[in-house]
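Novice: Pasting the sequence and the predicted model now:
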Amino acid sequence: MDKFQEMQAFVAVVDNGSFVRAADALNTSKAAISRQVADLEQRLGIRLLHRTTRKLSMTDEGQLFYTRCSELLNGLQEAEAELNLRSGEPSGHLRISAPVTFGVAHLAPLWGRFLHLHPKISMEVSLSDRTVDLVEDGFDLAVRIARAPHPSFIARRLASTSMVLCASPGYLKRHGAPAQPQDIASHNVISYSYWSSKDEWEFIRPGGKTEVVRTKPRLHANSGDTCVAAALQDQGIVLQPDFLVYEALRDGRLKRLLADYQTVELGIYAIYASRRQLPLKLRYLIDFLVTSFEKPAWGAGGDGSAVIQSPASQ
């Protein structure tokens, strides 16, 4: 067991780049990690790491030993995963990152169901519209909304969402509705700060030509909920995803604008680091999310198309 702990400590130091981060990863103290690595070097009679106040690097012997240790530890993880698969009992802790609005409205109701199904799993859910680094920040999975997933990670598509241009009946009564995209430039606009194209909004004409409008926002907010709340208070036009505005559109508190123009469609993805050695707990979570969004609340079906009536039918 001591040899296993020494190898585990050494690999954690290399993988995390420091004794402090290795201690955090293994949920122990820096002193314990330092002692285990020192004991390992003493037992082997070889220096494995070069240590300075600024830098940590492996010796040639350390590189060779790290490769072998990683293979052994990975083999052990794979063996445990196979046993878990046989037993069908996923267990352990999951750390999940998700965007704030989508996380509250559409993910929060799911977590209790998942935990009820898998009583040996515990979870930590972190909501932020900031794009986290799965590896650096120690997350098992992130839910992201984007045009395409980052190629560095593995992605499972959960659903789609379309951006919807809309405003309240009160605002439209005072200011009128835009007849074409360029009319938006003269309207009060409420803009989402994290939108990838900033204050330039894209629309696709019925013939297929893309038209870009440079808006002049009266309000910027880093929260989609804040943008929609301002629109509901007759403050301007918003471009927000249908998963956020579908209820307000359905009950008439917001009206869809320029329905003949296509807007940006985004994918909602479950992102994780690697297919290799995918823990059973994570596999069950991904499958659960995929199943949960087969018929999203804002869509007509699994394709995520919005259940929104055109202005002509309202």
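Specialist: That came through fine.

Novice: Chain neighbours aside, what residue packs nearest to residue 148?
Specialist: Residue nearest to residue 148 in three dimensions, not counting chain neighbours: residue 267, with 7.0 Å by CB to CB, 6 or more residues apart in numbering. In this view, the C-beta of every residue, glycine as well, is placed from N, C-alpha and C.

Novice: Does the helix or strand hosting residue 102 pack against any helices or strands, and if so which?
Specialist: Assessed by DSSP states H and E, residue 102 sits inside helix 100-102. With contacts taken as 3 or more CB pairs under 8 Å, 6 or more residues apart in numbering; DSSP states H and E, helix 100-102 sits against helix 224-232, helix 242-250.

Novice: looking at the ones you listed, which is closest to residue 273?
Specialist: helix 242-250 (25.7 Å; CB to CB).

Novice: ok and that closest one relative to helix 224-232, angle-wise?
Specialist: 20 degrees (axes from the mean of the first three to the mean of the last three CA atoms, to 10 degrees).

Novice: right, and the helix or strand after helix 242-250?
Specialist: Using DSSP H and E, the helix or strand that follows helix 242-250 towards the C-terminus is strand 255-256.

Novice: distance between that next one and the chain's centre?
Specialist: Per CA atoms, centre = their mean, to the nearest Å, the displacement of strand 255-256 from the mean C-alpha position of its chain is 28 Å.

Novice: again with stretch 223-230
Specialist: 20 Å.

Novice: next one: stretch 109-121
Specialist: With CA atoms, centre = their mean, you get 19 Å for stretch 109-121.

Novice: what does it rub up against?
Specialist: Applying CB atoms under 8 Å, 6 or more residues apart in numbering, the contact partners of stretch 109-121 are 89-94, 122-123, 125, 281, 284-285, 288-289, 292.

Novice: Buried only: go through those residues for me.
Specialist: Taking 16 or more other CB atoms under 10 Å as the criterion, what is buried in the contacts of stretch 109-121 is 90, 94, 281, 284-285, 288-289, 292.

Novice: what does stretch 44-60 rub up against?
Specialist: Against stretch 44-60 from outside (CB under 8 Å, 6+ apart): 10, 13-14, 17-19, 37, 40-41, 61-62, 65-66.

Novice: Just the ones in helices from the buried ones among the contacts of stretch 109-121, please.
Specialist: 281, 284-285, 288-289, 292 (DSSP state H).

Novice: got the residues you listed as TSV, with distance to residue 189 and pLDDT columns?
Specialist: Shown next, in TSV, are those (distance: CB to CB, whole Å; pLDDT from 0 to 100):
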residue	distance to residue 189	pLDDT
281	44	92
284	43	93
285	38	96
288	38	96
289	33	96
292	34	96
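
Novice: And the pLDDT for residue 229?
Specialist: Note on residue 229: pLDDT of 97.

Novice: scratch that, residue 282
Specialist: Looking at residue 282, its pLDDT is 92.

Novice: I appreciate the help and will end here.
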